[in-house]
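In: What would the 3D arrangement of this be:
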Amino acid sequence: MPIKVLLADDSEIVRRGMRQLLAAQPRIEIVGESSDFARTIQLARDLNPQFVILDLHMPDETKVTPQDLKSQLNPGVQVLAISFANDEETKELAESVGAAVLLDKIDLGSRLIPTIMQLSCDAAV
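Out: As a prediction, the model looks like this:
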């Protein structure tokens, strides 16, 4: 069975990069994309991915916050928080959304796939 992933980032360039990276993995299926928190919540509920790759700093005109996502996810969905910031405030924000991990966007090329594979294996145990 494929590992279903939802991409959530307000930058089309970042989403495109993640799409290209993940498309090279036959076990990973991108089930949707979003550029704001409200749409991310809706897609996560409708598509039931195993992972939501979530940009913690997306602007959202609907005033939905990243913390709103945590209570709206289906059971078992894991959040992989991503950000260019790696400060204490961002780490606390990642924790507040229940993120399994916080990845620096600079390191996505080397860390995203191994992280997904590891967490997917851990969830299967």
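
In: Check the separation of the first and last residues in stretch 78-95.
Out: 12 Å (C-alpha to C-alpha, to the nearest Å).

In: Centre-most residue in this structure?
Out: residue 53 (1.1 Å; C-alpha atoms, centre = their mean).

In: in the sheet, who's paired with that residue?
Out: Beta-bridge pairing for residue 53 (DSSP bridges): residue 7, residue 80.

In: got a list of what it touches?
Out: 5-9, 18, 80, 82, 112 (C-beta atoms under 8 Å, 6 or more residues apart in numbering). (C-beta placed from N, C-alpha, C; glycine too.)

In: hmm, try it at 7 Å
Out: 5, 7-8, 18, 80, 82 (C-beta atoms under 7 Å, 6 or more residues apart in numbering).

In: Could I get the average pLDDT for stretch 104-111?
Out: Averaging pLDDT along stretch 104-111 gives 96.

In: Kindly report the same for stretch 30-37.
Out: For stretch 30-37, mean pLDDT is 95.

In: And the contacts of that stretch?
Out: Contacts of stretch 30-37 (C-beta under 7 Å, 6+ apart): 4-10, 15, 19, 22, 40, 43, 47, 49, 58, 60, 62, 64-66, 68-69.

In: Relative to residue 11, how far out is residue 33?
Out: To residue 11, residue 33 is 11 Å away according to C-beta to C-beta, to the nearest Å.

In: what residues are up against residue 100?
Out: 78-80, 119.

In: Which members of those are the farthest-apart pair?
Out: Maximum pairwise distance in those, criterion C-beta to C-beta, is 10.3 Å, between 79 and 119.

In: Which one's more surrounded, these two?
Out: Comparing residue 79 with residue 119 by other C-beta atoms under 10 Å, the one with more neighbours is residue 79, at 25 against 17.

In: Please verify my assumption that the more buried one contacts residue 101.
Out: No. Counting by C-beta atoms under 7 Å, residue 79 stays clear of residue 101, with 8.6 Å between them.

In: just the strands in the protein please.
Out: For the chain, the strands defined by DSSP state E cover 3-8, 28-34, 51-55, 78-83, 101-104.

In: one step back: with neighbour numbers in mind, choose between residue 33 and residue 11.
Out: The neighbour count for residue 33 versus residue 11, taken as other C-beta under 10 Å, is higher for residue 33 (19 against 13).
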